[in-house]
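**Q** turn this into a structure:
(one chain, ligands or ions: 1)
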Amino acid sequence: MGKTDGPTINAETCTKLLSTNGKSLPTPTASIPQHLIKWQPYKSSKFAVNTVNPIRIFVDALNIQPNPTLKPIKLNLGDPTLLGNLPPPTAAIEAIQETLASHKFDGYGPSIGFLAPRQAVAEKFNHPDAPVTADDVVLTSGCSHALQIAIEAIADEGDNILVPCPGFPLYKTLMCPLGIEDRSYNLILNGKEQLDFAQLEAQIDKKTKAIIINNPSNPAGIVLSEKTLQRILEIANKHKVIIIADEIYGDLVFNGAIFHNIATLTPKVPVIACDGIAKRYMVPGWRLGWLIIHDRYGVLADVRKGILALTTKIVGPCAIMQGALPKILKDTRESYFEEARSIIEKNAQLFYKALSEIPGLTPVKSQGAMYMMIKIDKNMYGDDIEFLKKMISEQSVYCLPGGAFGSPYWFRVVLTYTEELSIEAINRISTFCKTMRNKS
Ligand SMILES: Cc1ncc(COP(=O)(O)O)c(C=O)c1O
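**A** This next block holds a predicted model:
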């Protein structure tokens, strides 16, 4: 599978999709007649026009009436808080309460973040093969912000950065308005190898500034093996291209998979690791993340300065969240993560078994993050958007089309729902596919 088997998502195609669905920010209608206002409508900046998140567009494209007799099941939203079955750890709630009451974090802090929470991150991620101190840590407003800073600190207009396909569309969203090209390398979802190394290497040229890896992967749910990571590092080392590692789903692995933090596998290749509390502590709305600069040989000294400069734009993330971070990282019990992993693993097994039995659907065995990708036989069911639109109107089940991640003819389900709702969703998907096959 790759980039070539479907339409490219860019500002133009997204705007088209938007206009066909009539969805955009509501515009207030003035009651005063236009000729009396004497103001010309303002144009938004090119930067804003070129800032497009395909996920939003595809969610809007699927904004059609569900079956009124069936309660909607929203397997499209990667927000683990929606059903209340994955609450935040008790330590996290207490940490916020204590920080608020202390009044120690009501003011501005350093733009890279307060020292104590940076130290806590450094302690958690310090490893003999990838030593980290607080000086290597920058706190950010979520992992998205860490990615933004990393990209902006290393690339200019005309440069390019390699991104996985299928992959998290935010990478493109962050690069496109800056004139940085996102070049896809292909993950192989049901193959012997996990990615096409030759194709990845062929994308690299003099303008390539980084390879972004996302491990475990959204949307694929795959966990890159040590061997795969080593081969990526060999290529990165050969071409002297750094790694940006999006490890937001870090330890969220199951079904026997092992997570390898890529920085621990390489003394040579500089790595900027981007992470946060959103998915492992199930608090995406708390908006706290960090980046860690792994740079054993001082290659990124100049980039460090750039990163610091970029943090001054917002003077650090929410201070209360920063104050709470050390306790969240230190006091969350291992049993909390085990429970979360077991819920996701159970759902992964249920979906995989049931969907494998449906003719024309081929699920990928998910081993990490909180998602599963399913391939649709286009001869049986048509394209992903049409398939999902019909599934909403007939069965009120929402999923995200693979097109949103660069892979048309696939769709993604989330695995964080209760077992009961997951089973209900599976049954409805199965009924829907049967009806579709009977019609054709
Ligand atoms: C792969 C990946 N990276 C980054 C993020 C963003 O994380 P945050 O909510 O901390 O900004 C997400 C959120 O869904 C994600 O799936």
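**Q** part of a strand, is Ile374?
**A** Yes: assessed by DSSP: H, G, I helix; E, B strand; the rest coil, Ile374 belongs to a strand.
**Q** how about the residue nearest to it when sequence neighbours are not counted, phi and psi?
**A** Closest residue to Ile374 apart from its sequence neighbours, by CB to CB, 6 or more residues apart in numbering: Pro363 at 4.6 Å. C-beta: built from backbone N, CA, C; applies to glycine. Pro363 adopts backbone torsions of phi -80, psi 150, taken as degrees, to the nearest 10.
**Q** residues from the stretch 1-150 of the chain in reach of the ligand?
**A** With CB under 6 Å from any ligand atom as the criterion, the stretch 1-150 of the chain comes near the ligand at residues Gly78, Gly142, Cys143, Ser144.
**Q** can I get the residues you listed in CSV with secondary structure, neighbour count and pLDDT?
**A** Formatted as CSV, these follow (DSSP: H, G, I helix; E, B strand; the rest coil; neighbours: other CB atoms under 10 Å; pLDDT from 0 to 100):
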residue, secondary structure, neighbour count, pLDDT
Gly78, coil, 21, 87
Gly142, helix, 22, 98
Cys143, helix, 27, 98
Ser144, helix, 20, 98
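**Q** coming back round to it: the residue nearest to Ile374 touches Ile376, doesn't it?
**A** No: with contact defined as CB atoms under 8 Å, Pro363 and Ile376 do not form a contacting pair (10.7 Å).
**Q** how far is whatever helix or strand Tyr352 lives in from where the chain is centred?
**A** Using DSSP states H and E, Tyr352 sits within helix 334-356. Distance of helix 334-356 from the chain centroid (CA atoms, centre = their mean, to the nearest Å) equals 19 Å.
**Q** now do the contacts for Leu147.
**A** Leu170, Tyr171, Leu174, Ile212, Ile244, Asp246, Cys274 (CB atoms under 8 Å, 6 or more residues apart in numbering).
**Q** try it again with 7 Å
**A** Contact analysis of Leu147 by CB atoms under 7 Å, 6 or more residues apart in numbering lists Leu170, Tyr171, Leu174, Asp246, Cys274.
**Q** quick one: which of those is most hemmed in?
**A** Counting neighbours by other CB atoms under 10 Å, Asp246 leads these with 29 neighbours.
**Q** bridged to that residue, which residues?
**A** With DSSP bridges as the criterion, Asp246 is bridged to Asn214, Cys274.
**Q** can I get the contacts of Leu147 in JSON lines with distance to the ligand and pLDDT?
**A** As requested, the contacts of Leu147 are exported to JSON lines (distance: CB to the nearest ligand atom, whole Å; pLDDT from 0 to 100):
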{"residue": "Leu170", "distance to the ligand": "6", "pLDDT": "96"}
{"residue": "Tyr171", "distance to the ligand": "9", "pLDDT": "97"}
{"residue": "Leu174", "distance to the ligand": "11", "pLDDT": "97"}
{"residue": "Asp246", "distance to the ligand": "5", "pLDDT": "98"}
{"residue": "Cys274", "distance to the ligand": "7", "pLDDT": "98"}
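**Q** which one of the residues you listed is nearest to Glu424?
**A** The shortest approach to Glu424 among the contacts of Leu147 belongs to Leu170, at 30.3 Å (CB to CB).
**Q** domain assignment for this protein?
**A** 46-86+336-439, 90-331 (automatic domain parsing).
**Q** let's have the ones you listed in JSON lines, adding distance to Gln40.
**A** As requested, the domains of the chain are arranged in JSON lines below (distance: least, CB to CB, whole Å):
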{"stretch": "domain 46-86+336-439", "distance to Gln40": "17"}
{"stretch": "domain 90-331", "distance to Gln40": "24"}
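**Q** touching the helix holding Tyr352 from outside, list them.
**A** The contact list for helix 334-356 (CB under 7 Å, 6+ apart) reads 85-86, 89, 251-252, 254-255, 280, 282, 361, 363, 365-366, 370, 372, 374, 413, 415-417, 419, 422-423, 426, 430.
**Q** and if we set it to 6 Å?
**A** Contact with helix 334-356 is made by 86, 89, 254, 361, 363, 365-366, 370, 372, 374, 415, 422, 426, as judged by CB atoms under 6 Å, 6 or more residues apart in numbering.
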